[in-house]
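# any chance you could fold what I've pasted below:
(one chain, ligands or ions: 1)
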Amino acid sequence: MGLSKDQIRQWLTRVPHPEGGDLVARGCVVGVAACDQHASIKLSLVSGPKDPDPSPETMQSLARKVEQVVKAAAMASGEEQVVLGVEFINHAGKTVARFGAGEPPASEPRQAAQPTQQASASGIDGVRHIIAVGAGKGGVGKSTVSVNLAVGLARQGHAVGLLDGDIYGPSLPTMLGLDALDQTVLDGALQPFHVHGVKAVTMGKLVDPEKPLIWRGPMAHGAFTQLTERTSWGELDYLVIDLPPGTGDVPLTMAQSLKLTGAVIVCTPQKVAQDDAVRAAKMFQQLGVEVLGVVENMSFFIGDDGKEYDIFGRGGAEKMAQRLGLPFLGSVPINMALRKNSDSGDPLGNFDPAAAGGPALPKALETLVRNLEGQVNLASLKQGKSRPSLTVR
Ligand code: ADP
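Coordinates of the predicted model:
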């Protein structure tokens, strides 16, 4: 049968909070992701910026209780082997401790990737997780979502790289505001641009932006390999790759040439976009790449009257995800500020209600990032990148 996140949330109502009530009623359950026998649970025990972080002992004992309760409930519902990861975040959303995912209990926030055995699990030294962002069609907002996921993950305290793999029409120079910056190469290695909290590399800074980029398959692959392998990424928690659109030779070879943790598929709500997104999802699955989730972009529009207009048929991509049994990561509204911030190279503005046309966009992006983190944790557990220590027999 497998676990479901709703079921786990329900079970977590049985775990008492150290100061009374239960974890769910106290609002401590920030996120749950589940698939088959794997589950990842994100908890927060602080309610305000002034609250101190809980002690390592408190977190450890709570993680144990969560394990016991989920274990007992899972066994009662016929699940034999459950692999569980429990993570605690602080008020700023940064991870302060992980249990059960091969991570030792931590009392300090992890600011950057730790060089562990997981470091080269991705195939690039020092990079823990590679996430490819793909789309069945061009123009659905794949680059926009890649940029905002990367910046959003960095805002959570992760060390993040962003690679513009869309070698035919690189958008990162504009979206990240790289126009005035020069590409540097040191000892034959590309030095990524350090912008908006992420390390970014794009073909757009290596070629004449006015010339069309015409690549044949093997050339495209060679260029992509050089961008990934000949860049001084350093230690990264996440490398987000903006793939070229479609299911042709180039995205396929790129997706195949790296050990991806998984792929994110961006789709607009219309039926025609969904059909292409289904093809993209199947391409990843055929390559053995896990689909971490679907993002519905341009989901709805909020007018000046404050009303929400479902221009393209809101919910279409979510239904498609449900139909295919894929996780749904969330929706991004059509937002004029998002388009303006992208054109002016200011992605951080999308996370600030004053520059994002209100709180709807920052909220939507933060939800996406949180859900993606959950799915990545889950995928790592499933792929055995982390050694589960909370194994239920
Ligand atoms: P793709 O990478 O799929 O080709 P882009 O991310 O380049 O698509 O987006 C195409 C255009 O649409 C860009 O100008 C971008 O700023 C704009 N755009 C994307 N998503 C949104 C949105 N949710 N609201 C407003 N404009 C958007």
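
# now the helices for this structure?
Taking DSSP state H as the test, the helices found in the chain are 5-12, 56-76, 142-155, 172-175, 217-229, 249-257, 271-286, 316-324, 336-343, 360-383.

# output the third one as PDB, restricted to C-alpha atoms.
To tie it back to what came earlier, the one meant is helix 142-155. Provided in PDB are the C-alpha atoms of helix 142-155 (Å, rounded to 0.1, in the frame of the first residue of the first chain):
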ATOM      1  CA  LYS A 142      11.000  26.600 -16.600                       C
ATOM      2  CA  SER A 143      13.900  29.100 -16.200                       C
ATOM      3  CA  THR A 144      11.800  31.300 -13.900                       C
ATOM      4  CA  VAL A 145      11.100  28.300 -11.700                       C
ATOM      5  CA  SER A 146      14.800  27.100 -11.800                       C
ATOM      6  CA  VAL A 147      16.000  30.600 -10.700                       C
ATOM      7  CA  ASN A 148      13.400  30.900  -7.900                       C
ATOM      8  CA  LEU A 149      13.900  27.400  -6.600                       C
ATOM      9  CA  ALA A 150      17.700  28.000  -6.500                       C
ATOM     10  CA  VAL A 151      17.400  31.400  -4.700                       C
ATOM     11  CA  GLY A 152      14.600  30.000  -2.400                       C
ATOM     12  CA  LEU A 153      16.800  27.000  -1.400                       C
ATOM     13  CA  ALA A 154      19.800  29.400  -0.800                       C
ATOM     14  CA  ARG A 155      17.500  31.600   1.400                       C
END
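
# residues in contact with the residue nearest to Thr144 when sequence neighbours are not counted?
In space, not counting the residues next to it along the chain, Thr144 is nearest to Ser342; the distance is 5.8 Å by CB to CB, 6 or more residues apart in numbering. From N, CA and C alone the C-beta is placed, and that goes for glycine too. The contact partners of Ser342, taken as CB atoms under 8 Å, 6 or more residues apart in numbering, are Thr144, Val147, Thr174, Met175.

# which among the residues you listed gets closest to the ligand?
For these, the closest approach to the ligand (CB to the nearest ligand atom) belongs to Thr144, at 3.4 Å.

# sorry, back to before: tell me the one of the contacts of Ser342 nearest Gly48?
Set against Gly48, the nearest of the contacts of Ser342 by CB to CB is Val147 (30.6 Å).

# and the pLDDT at that closest one?
Model confidence at Val147, expressed as pLDDT, equals 98.

# again, but for the one 5 residues further on
According to the model's per-residue confidence, Gly152 sits at a pLDDT of 97.

# and the closest residue to it other than its chain neighbours, how far is that from Ala154?
The shortest distance from Gly152 to any non-neighbouring residue, by CB to CB, 6+ apart, is to Val369 (3.6 Å). In this structure, Val369 lies at 10 Å from Ala154, with CB to CB, to the nearest Å as the measure.

# what is the biggest strand by length in the chain packed up against?
Secondary structure assigned by DSSP state E gives strand 291-302 as the longest strand of the chain. Using 3 or more CB pairs under 8 Å, 6 or more residues apart in numbering; DSSP states H and E, the elements in contact with strand 291-302 are helix 142-155, strand 262-267, helix 271-286, strand 308-309, helix 316-324, strand 328-334, helix 360-383.

# make it 6 Å
Packed against strand 291-302 by the contact rule (3 or more CB pairs under 6 Å, 6 or more residues apart in numbering; DSSP states H and E) you find strand 262-267, strand 308-309, helix 316-324, strand 328-334, helix 360-383.

# having no further points to raise, I will conclude here.
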